[in-house]
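> compute the structure for the input listed below.
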Amino acid sequence: MMKRLLPLAAMVLSTVFVAGCAQGTDTFTSETAGVPAVVLDDDPLRIVAATELRDLETVVEQAAGELGFAIELEFPGGTLENSERLKQGDFDEDVDATWFATNRYVDLIGASGKLGEATKIATSPVALGVSGDHARRLGWVDRQPTWAEIGSAAASGQLTFGMTDPSTSNSGFSALVSVATAYAGTGQALTLGDVDEVAPELRSFLSGQTMTSGSSGWLKDVFLRDPNRANALINYESVLHTINAEDNAGLRVVVPADGVVSADYPLTPLATADAETNQQVEALADWMLDHPEHLTDTFRRPVDPMAILPPELAQAFVIEQPFPGDRAVTDALISAYNNDLRVPGDTTFVLDVSGSMAGTRMELLRSTMLEMISGEASSLTGDVSLRERENVTIIPFNFSPGEPITATVDEVGGPQRQELVDGVTALQAEGGTGIYDALLRAYEQVEPGASIPSIVLMTDGEQTSGLSFGHFQRLYSELPTEKKRIPVFVILYGEANITEMENLAGLTGGKTFDAMNGGLEEAFKEIRPYQ
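Residues are numbered from 1 along each chain as shown. Have a look, this model is predicted:
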């Protein structure tokens with residue numbers, strides 16, 4: 001892009017004035033000697049940002065007005081997904097800079113060559129948000145416990161928590177690294193040997209996890225809606241304080257005393273950016289650093305150690321842990337988490353096999369399920385196949401629910417997986433659509449216990465037989481409390497009744513996933529972090 005130069009001395013001009021001047025072709029000059037030039041361009045500065053930075057959109061708008069050039073933030077995904085897309089070249093043509101929670105993952109996957117020089121804007125450590133009463137009972141109001149103390153409380157049943165899936169979410173990924181590094185106790189970055197060594201302690205720690213998700217927003221909503229699901233959340237310090245501020249949640253935000261991994265929000269031009277674009281990115285970075293109050297307003301810590309912190313942040317002392325530089329280590333850690341360490345999922349797939357699914361739709365459903373069973377399913381950020389130890393039930397339905405297919409998932413190629421393969425291969429499309437009879441069967445089938453239960457409903461049409469949604473609502477209200485906590489994740493597909501399916505997800509505390517335009521395989525994969 002061709003850029004025009006605007007001196008820093010002129011950047012205090014109003015947005016209207018600058019926008020008006022920008023329509024011409026003049027180059028702005030300054031009589032002030034030595035003032036570096038900032039770029040004014042007809043095209044906006046486009047920045048791909050992590051979703052957790054949405055709360056800074058209005059701040060960036062203010063910066064754009066004062067700096068004199070337009071800035072567009074885009075939020076296509078979280079930090080891990082965005083990093084993978086960066087590596088694939090998805091941002092090569094239309095993006096000027098990135099603003100992720102961290103560039104550590106970019107480095108891990110060998111994509112650092114895609115980026116220029118980064119400027120760290122702020123930090124936010126991974127923390128534990130504990131309900132106030134519970135924090136008092138545990139003695140954590142006036143001190144920072146260690147990860148080991150938190151793990152002991154979880155193992156004894158005194159602490160339950162929700163955490164995003166480390167396979168897809170940077171907050172969950174950073175939390176898992178933080179806990180493992182603390183348990184290793186070497187003062188060094190994790191090694192492959194450390195992952196094996198700390199596995200028993202990690203398993204004990206993770207026994208307290210009762211909620212998982214691919215979205216911090218969904219996790220927060222479920223936590224606030226039903227406090228009995230968990231008494232704590234693991235996320236960034238900034239997210240937890242924001243929950244307190246916006247939802248009056250009364251959480252005690254605890255930064256573990258033995259160290260954490262923090263987000264550092266590096267604003268980074270692409271390596272291919274021209275000099276003028278680099279100047280714009282630098283100008284925005286400088287503006288953010290010169291306005292630390294906007295960072296502390298969102299409960300992030302300015303990088304300037306002399307910045308004044310609000311009381312919520314000043315009370316916690318942060319020790320930064322070393323981060324692994326070897327992807328083999330983090331891959332091994334996440335694999336262990338999925339297949340050995342975490343509380344296993346209890347997952348029920350309620351699959352529409354009515355006549356409207358015949359042909360291509362049924363073939364796609366079979367191939368999607370078979371890929372998940374075989375261990376071959378993957379997303380941008382990693383494996384999304386069925387996990388070892390996961391309890392899986394498949395309930396096909398047309399006019400009425402069919403015979404459930406149930407197995408506890410074993411190793412890839414094992415006999416339990418083969419039973420699921422045989423059941424899915426035999427599915428045939430015929431008959432009408434009895435959604436709610438099948439869902440009721442699913443709720444009868446699931447026995448809540450030492451697992452994280454969920455139900456996935458995939459239907460390509462509207463209800464044509466059996467229970468109505470209203471009748472299902474009445475029966476659902478009569479279920480035991482533990483069963484009513486089981487969310488239904490709905491894949492919207494084909495000619496499904498969107499409004500009714502969204503109401504169903506809302507009733508059960510679930511979420512809808514859009515496959516109306518054919519992305520059935522992607523929708524199944526997107527649900528996996530919630531199971």
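> ok, which stretches of the stretch 301-450 of the chain are strands?
Using DSSP state E, counting those that start in this stretch, the strands of the stretch 301-450 of the chain run over 301-302, 345-352, 378-379, 382-383, 391-397, 405-408.
> I meant to write the stretch 51-200 of the chain there.
Taking DSSP E, counting those that start in this stretch, the strands of the stretch 51-200 of the chain run over residues 71-74, 97-99, 119-120, 122-131, 161-164.
> let's have those in JSON lines, adding mean pLDDT, distance to G65 and mean neighbour count.
In this view, the C-beta of every residue, glycine as well, is placed from N, C-alpha and C. What follows is the strands of the stretch 51-200 of the chain, written out as JSON lines (pLDDT from 0 to 100; distance: least, Cβ to Cβ, whole Å; neighbours: other Cβ atoms under 10 Å):
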{"stretch": "strand 71-74", "mean pLDDT": "98", "distance to G65": "10", "mean neighbour count": "16"}
{"stretch": "strand 97-99", "mean pLDDT": "98", "distance to G65": "18", "mean neighbour count": "27"}
{"stretch": "strand 119-120", "mean pLDDT": "98", "distance to G65": "21", "mean neighbour count": "17"}
{"stretch": "strand 122-131", "mean pLDDT": "98", "distance to G65": "21", "mean neighbour count": "26"}
{"stretch": "strand 161-164", "mean pLDDT": "98", "distance to G65": "34", "mean neighbour count": "26"}
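> can you redo these as TSV with distance to A336?
Converted to TSV, those look like this (distance: least, Cβ to Cβ, whole Å):
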stretch	distance to A336
strand 71-74	34
strand 97-99	29
strand 119-120	30
strand 122-131	19
strand 161-164	15
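> now R342: closest residue in space that isn't a chain neighbour?
Nearest non-adjacent residue to R342, counting by Cβ to Cβ, 6 or more residues apart in numbering: L206, 5.0 Å away.
> quick one: contacts for the one you found?
154, 337, 341-343 (Cβ atoms under 8 Å, 6 or more residues apart in numbering).
> number of nearby residues for W147?
23 (other Cβ atoms under 10 Å).
> likewise the one 4 residues further on?
The local packing count at G151 equals 23, with neighbours defined by other Cβ under 10 Å.
> for P145, see how far away it is.
10 Å (Cβ to Cβ, to the nearest Å).
> number of residues surrounding L219?
27.
> wouldn't it be in contact with F161 here?
No. At 10.0 Å, L219 does not count as touching F161 under the criterion of Cβ atoms under 8 Å.
> returning to that earlier point: pLDDT for the contacts of L206 - can I get that in CSV?
Listed next are the contacts of L206 as CSV, based on pLDDT from 0 to 100:
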residue, pLDDT
A154, 98
Y337, 98
L341, 98
R342, 98
V343, 97
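> are any of those residues buried, and which?
Buried residues within these, counting neighbours by 16 or more other Cβ atoms under 10 Å: 154, 337, 341-343.
> nearest to L270, of those residues?
Nearest to L270 among the buried ones among the contacts of L206: Y337, at 32.0 Å, using Cβ to Cβ.
> so F173 touches M163, yeah?
No. The criterion here is Cβ under 8 Å, and F173 misses it with M163 at 10.2 Å.
> quick one: D96 from V384, how far?
31 Å.
> tally of neighbours for N391?
So N391, with other Cβ under 10 Å, has 18 neighbours.
> meant to ask about S454, not that
22.
> could you do A118 as well?
For A118, using other Cβ under 10 Å, the count is 22.
> wait, it touches L270, no?
No. Using Cβ under 8 Å as the test, A118 is too far from L270 to be in contact (11.3 Å).
> phi first, then psi, for H291.
phi -130, psi 60 (degrees, to the nearest 10).
> who's in contact with it?
Contacts of H291 (Cβ under 8 Å, 6+ apart): 59, 63.
> redo that, cut-off 10 Å
If a contact means Cβ atoms under 10 Å, 6 or more residues apart in numbering, then H291 has 59, 62-63, 66, 297, 302 as its contacts.
> can you check A189 too?
177, 181, 321-326, 329.
> which two among the residues you listed are spaced furthest apart?
Q321 and D326 (15.3 Å).
> neighbour count winner among these two?
Neighbours were counted for Q321 and for D326 using other Cβ under 10 Å; Q321 has more, 25 against 13.
> do I have it right that the more buried one meets A175?
No. Checked against Cβ atoms under 10 Å, the pair Q321 and A175 is beyond contact range at 11.2 Å.
> find residues that contact each of these two.
126, 256, 260-261.
> ranking those residues by neighbours, who comes first?
Highest neighbour count within the shared contacts of Q321 and A175, by other Cβ under 10 Å: V126, with 29 neighbours.
> quick check: that residue vs F299, distance?
Distance from V126 to F299, by Cβ to Cβ: 14 Å.
> quick check: neighbours shared by the two?
236-237, 239-240.
> return the residues in contact with A271.
By Cβ under 10 Å, 6+ apart, the contact set of A271 is 92, 112-117.
> how much space between G139 and Q158?
From G139 to Q158 the distance is 11 Å (Cβ to Cβ).
> for the closest residue to E388 other than its chain neighbours, report the pLDDT, please.
Spatial nearest neighbour of E388, excluding adjacent residues (Cβ to Cβ, 6+ apart): N339 at 4.1 Å. In this model, N339 is scored at 96, pLDDT.
> list the residues that contact N391.
344-348, 406-409, 446-447, 449, 451, 453.
> what does the pLDDT read for it?
N391 is given a pLDDT of 97.
> tell me the buried residues in stretch 47-66?
By 16+ other Cβ under 10 Å, the buried positions in stretch 47-66 come out as 47-53, 56, 59-60, 63-66.
> of these, closest to F317?
F317 lies nearest to E52 out of these, by Cβ to Cβ, at 23.1 Å.
> any idea how far G494 lies from I394?
Taking Cβ to Cβ, one finds G494 at 19 Å from I394.
> among the shared contacts of Q321 and A175, which are in strands?
V126 (DSSP state E).
> possible to save the shared contacts of Q321 and A175 as CSV with distance to Q473?
Shown next, in CSV, are the shared contacts of Q321 and A175 (distance: Cβ to Cβ, whole Å):
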residue, distance to Q473
V126, 39
P256, 43
V260, 43
V261, 43
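> what residue ranges in this structure score low on pLDDT?
Along the chain, the parts satisfying pLDDT under 70 run over 1-41.
> fine, thanks again, bye for now.
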